[in-house]
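>>> A predicted structure for the sequence below; I have some questions about it.
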Amino acid sequence: MSDWGPTLAADGTRFRLWAPDRDAVTLEIDGQGSQAMTAAGDGWFEASAPVAAGARYRFRIGDMAVPDPASRAQDGGVNGWSLVVDPDAYRWRHDDWAGRPWEAMVIEEVHAGLLGGFDGVAKRLPMLAELGVTAIELMPVNAFGGTRNWGYDGVLPYAPAEGYGTPDQLRALVDDAHGLGISVFLDVVYNHFGPDGNYLGEYASGFFHPEVKTPWGGAVAVDKAPVRRFFIDNALMWLREFRIDGLRFDAVHAINDNGFLDAMAAELRASVDRPVHLVLENESNDADRLAPGGYDAQWNDDFHNVLHVLLTGEDHAYYRDFAERPAERLARCLRDGFIYQGEGSPNHDGAPRGKPSGHLPATRFVSFLQNHDQIGNRALGERLTVLADPAKLAAATVLWALSPQIPLLFMGDATGSETPYLFFTDFHDELADAVREGRRREFKGHPGFDSEADRESIPDPNARSTFDASRPEDGPDAAAWRDLYRRLLHLRAERIVPVLAGAQGESAEAIGEGAVVARWRMKDDSLLTIAINLGDEMVPADLPTDTPLFAAGPADTTGLPPASCRVWLA
């Protein structure tokens, strides 16, 4: 039982709130009046009331009415009433689901709001199963201000956003996925709260360390027991009550507390009696968190970044770190996982980034050609389908799908979508102005956005049209892209996955300006070899002479043609 949030019992519901800055808290129940809560020590207040699931409640602190920060559902948005929810009411249809091993994962990242909520995502599942996708990853679904948001501005981490559906509709989505053999991951944000609807600072200022700066304000005080429990209990809720198969922890470098991260991983694994998968996003490339018993893997931004440079030629902002000798950097990524393993980052004024990772199995890294960040953090949200040569993008897709790193795609990738994925919010008044202007200032100095007039062309994040334009639509060559993805993912399942556990990079070298040959030793001692050329010239290469497992691009026996990728498993 969590310290946070309401707890149902036979005679009613127990309510608790941590409000160490206040001397008195009142519980208000819609239609039943209010009652003073009892101080229970260490900043906690509690009360019980004879109400059941469906009751609307909130807390009054002085003249301010606030939702439960651990609300399981809201009525009226993040500034409205919290709802009592029965976590055991849903009747699961696929109790025999045992999950999938990590090596079998092919993950599609999706935004529930753009796809029509939880029910809309569920309708998409049969197509994904047929394609060969074995897991979906939901971008954060926690309640946020307004009706449109990426989810990283959430303020009530325990409550699914009203606009996406009820808690039981989310459970039904997970249930449907399991029935089709698809695992479900959830992206969770434990490094900050959004600006609209976050009242914690008004009564629990100790929830934050204002002296420790992050891009979103003071750091979350996960070194304090109530705060630590708030987040660990939240993770346990998703894994237990919603039967989520895995969690992706957003930007843990902004949490900056490895003790908390390690303790959370250990408790989650000890407290859930089925396999769960834990994945990090960590700009610091901290390979220590990927040790056995810790986290399964980390999103490998280095893989995306160097391939983006090779596919587009862009070298501004963080692509500066990958613009020099990109083929050599790609070779290191394929062999060792991270490209930056302690070297100085030009984009961070030479500060060192990363730790050695070559000792780790290839499956400790999640690779992608695109994701929500890498598309949406562009001013105009362009996808690679409109930035890169189609033949080179197809070759890169082969590398992505058949290399031993765990592949993640973004919704729309497999149908060649050319619609943008833009940054969108639903803020109002001064906050909306601040977000809009801040977004445009962010791109000052980027190519094509030097003048104020240029920056005014960046879509307003708060406009409904920005959200609507971001829905993935099939591209003009959707059938060809879908066929390529289907063939690659089924081939991965049949030939790569059975020998993938423990696969280790053996060697990799740049053989041309945009060409690399990489080799991995697989579980059964077989050798996987991938040769890719994203340059513009034929590259001489000493390659295996037997028939490739898969080949994309021009056929040639004298070398490796441009826009080609070949794969052998010997």
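Looks like it came in fine. Remember, it's a predicted structure, so these values are computed and weren't measured experimentally.

>>> can you pull the phi/psi pair for the closest residue to Asn533 other than its chain neighbours?
Spatial nearest neighbour of Asn533, chain neighbours left out: Ala515 (4.0 Å); criterion: Cβ to Cβ, 6 or more residues apart in numbering. For glycine as for every other residue, the C-beta is placed from the backbone atoms N, C-alpha and C. Per-residue torsions, Ala515: phi -120, psi 140 (degrees, to the nearest 10).

>>> distance of Lys392 relative to Gly535?
9 Å (Cβ to Cβ, to the nearest Å).

>>> joint contacts of the two?
Pro562 (Cβ atoms under 8 Å, 6 or more residues apart in numbering).

>>> was I right to think the residue nearest to Asn533 contacts Leu543?
No: in this structure, Ala515 is not within contact of Leu543 by Cβ atoms under 8 Å, at 11.0 Å.

>>> export the lowest-mean-pLDDT helix or strand in the chain as PDB, just CAs?
Lowest on mean pLDDT, DSSP states H and E among the helices and strands of the chain sits strand 217-220, with a mean of 84. What follows is strand 217-220, C-alpha atoms only, in PDB (Å, rounded to 0.1, in the frame of the first residue of the first chain):
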ATOM      1  CA  GLY A 217      13.400  24.700 -12.500                       C
ATOM      2  CA  GLY A 218      14.600  23.300  -9.200                       C
ATOM      3  CA  ALA A 219      15.500  19.600  -9.100                       C
ATOM      4  CA  VAL A 220      13.100  17.000  -7.600                       C
END
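
>>> neighbouring strands - and their directions - for that strand?
According to DSSP bridges, strand 217-220 forms sheet pairs with strand 208-214 (antiparallel).

>>> got the buried residues for stretch 538-552?
538-539, 541, 543, 548-552 (16 or more other Cβ atoms under 10 Å).

>>> next, format these as TSV and append secondary structure.
Converted to TSV, these look like this (DSSP: H, G, I helix; E, B strand; the rest coil):
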residue	secondary structure
Met538	coil
Val539	strand
Ala541	coil
Leu543	coil
Pro548	coil
Leu549	coil
Phe550	strand
Ala551	strand
Ala552	strand
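
>>> let me have those in TSV, extended by pLDDT.
Output for the buried residues of stretch 538-552, formatted as TSV (pLDDT from 0 to 100):
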residue	pLDDT
Met538	95
Val539	96
Ala541	92
Leu543	92
Pro548	96
Leu549	97
Phe550	98
Ala551	97
Ala552	96
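
>>> pick out the residue nearest the middle of this protein.
Asp187 (4.7 Å; Cα atoms, centre = their mean).

>>> hey, C-alpha coordinates of the host helix or strand of that residue in PDB?
Secondary structure from DSSP states H and E places Asp187 in strand 183-188. Extracted in PDB, the C-alpha atoms of strand 183-188 (Å, rounded to 0.1, in the frame of the first residue of the first chain):
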ATOM      1  CA  SER A 183       4.300  -5.800 -24.900                       C
ATOM      2  CA  VAL A 184       3.500  -2.300 -23.600                       C
ATOM      3  CA  PHE A 185       6.000   0.200 -22.300                       C
ATOM      4  CA  LEU A 186       5.300   3.600 -20.700                       C
ATOM      5  CA  ASP A 187       7.400   6.700 -20.700                       C
ATOM      6  CA  VAL A 188       7.500   8.200 -17.200                       C
END
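
>>> let's have the chain start at 56 instead
All right, first residue 56 from here; so that's strand 238-243.

>>> so how far is that strand off the chain centroid?
Offset of strand 238-243 from its chain centre (Cα atoms, centre = their mean, to the nearest Å): 8 Å.

>>> return the list of strands paired to that strand, each annotated with direction.
strand 190-193 (parallel), strand 301-304 (parallel).

>>> for Pro531, find the nearest of the ones you listed.
Distance to Pro531, taken as Cβ to Cβ, is lowest for strand 190-193 among the strands paired with strand 238-243, at 25.5 Å.

>>> who does the helix or strand following that closest one pair up with?
For strand 190-193, the following helix or strand on the C-terminal side (DSSP H and E) is strand 197-199. Strand 197-199 sits in its sheet next to strand 209-215 (antiparallel), going by DSSP bridges.

>>> that older thread, could you dump the helix or strand that the strand holding Asp242 is followed by to CSV, C-alpha only?
Per DSSP H and E, the first helix or strand lying C-terminal to strand 238-243 is helix 255-258. Extracted in CSV, the C-alpha atoms of helix 255-258 (Å, rounded to 0.1, in the frame of the first residue of the first chain):
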residue,chain,number,x,y,z
LEU,A,255,3.2,21.0,-4.7
GLY,A,256,5.4,24.0,-4.1
GLU,A,257,2.6,25.7,-2.3
TYR,A,258,2.4,23.2,0.6
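
>>> and the contacts of helix 255-258?
Residues from elsewhere that reach helix 255-258, judged by Cβ under 8 Å, 6+ apart: 72, 74-77, 80, 116, 119, 121, 124, 248, 262-263.

>>> how near is the residue nearest to the centre of the chain to Tyr540?
Asp242 is 22 Å from Tyr540, by Cβ to Cβ.
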